[in-house]
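In: let's see this in three dimensions:
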Amino acid sequence: MLGALTGDIVGSIYEWNNIKSTEFPLFQDSCRFTDDSVLTVALADAIMTGAPYDDTMRHYYRSYPDAGYGRGFVAWAKADAPKPYNSWGNGAAMRVSPVGWACDTLADALSLARNYTLPTHGHPEGVKGAQAVAGAVFLGRSGASKDELRSFIAGEFGYDLALSCDEIRPSYRFDVSCQGTVPQAVTAFLESNDFEGAIRLAVSLGGDSDTLACITGAIAEAFYGGVPARIAEQTMGFLDDRLRRVTVAFEARFVAGRFAAAKS
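Out: Sure thing, here's the model as predicted:
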């Protein structure tokens, strides 16, 4: 989960000012957390408390109304009786990473990803994007190889992972769909050699940089055994007390224990 927050914060300043390079300061004073982080933490909170995720998302929206949500989500969050708005947007994929940590089986991760997506994203592409990311996080922290992850993402969800980052980068533009974000984010992870490299590759593609890096960071944290301490400390510094408290609690309850079990 912390990997997702890191990607969001690092990519936040490049969303409307794409850099198309891996050479940039990882953190800058103008970086910030966005709706990607807020809704990821909201899901972690709902998982730990057992509260309905739709209610939790709306509560977090009221607490962080200026985090940069899409118009469809804002209308949903403000509605008296909100209904799914048939979205295929990448918001479903960027917020789902806690599911990959909290579940004990891949089947449970895919099922819960669907359940946590449906309150807003009723479109099949929205559900598919969320399941792909949750499944990749689960497999990454469970010891799957990159080849196994690639086969799972391509085979289970039909995403085309044939293009390299160098092939994607020149023509890639802002795209808020799951189908135009998840494959690119996965590719950045697959080509990386470590956590930081994954974040840099994701940002370098351009487009919706914070969400791309959020998704890539979520998978990279799981696969590479965590977020490096120096990066994790900087990420935490950009969060407020509430977001930091929930993040620390979730990582302690689910993430640290998963890594410890994997090493034993």
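In: wait, Arg258 touches Arg141, no?
Out: Yes. With contact defined as Cβ atoms under 8 Å, Arg258 counts as touching Arg141 (5.2 Å). Quick note: C-beta positions are derived from backbone N, CA and C, even for glycine.
In: shared neighbours, the two?
Out: Jointly contacting Arg258 and Arg141 under the rule Cβ atoms under 8 Å, 6 or more residues apart in numbering are Trp101.
In: higher neighbour count, the two?
Out: Between Arg258 and Arg141, counted using other Cβ atoms under 10 Å, Arg141 has the larger neighbour count: 23 against 20.
In: how much space separates that one from Gly225?
Out: Using Cβ to Cβ, to the nearest Å, Arg141 is found at 8 Å from Gly225.
In: do Tyr116 as well
Out: Applying Cβ to Cβ, the value for Tyr116 to Gly225 is 25 Å.
In: where in the stretch 151-264 of the chain is pLDDT low?
Out: Within the stretch 151-264 of the chain, the ranges that satisfy pLDDT under 70 run 257, 259-264.
In: what about the helices in it?
Out: For the stretch 151-264 of the chain, the helices defined by DSSP state H, counting those that start in this stretch occupy 165-168, 182-191, 195-204, 209-224, 229-238, 241-250, 256-263.
In: and the stretch 1-150 of the chain, by the same measure?
Out: If DSSP H, counting those that start in this stretch is used as the criterion, the helices of the stretch 1-150 of the chain fall at 2-11, 35-49, 53-63, 71-78, 91-94, 97-102, 106-117, 124-141, 146-157.
In: out of Tyr116 and Gly225, which sits in the more crowded spot?
Out: The neighbour comparison of Tyr116 against Gly225 (other Cβ under 10 Å) goes to Tyr116, with 24 against 15.
In: can you tell me the closest non-neighbouring residue to Phe157?
Out: Closest residue to Phe157 apart from its sequence neighbours, by Cβ to Cβ, 6 or more residues apart in numbering: Ala132 at 4.8 Å.
In: look up how far Val248 lies from Arg258.
Out: Applying Cβ to Cβ, the value for Arg258 to Val248 is 16 Å.
In: for Arg169, grab phi and psi.
Out: For Arg169, the backbone dihedrals (degrees, to the nearest 10) come out as phi -50, psi -50.
In: my guess is it meets Gly206, correct?
Out: Yes. Arg169 lies in contact with Gly206 (Cβ under 8 Å); the separation is 6.8 Å.
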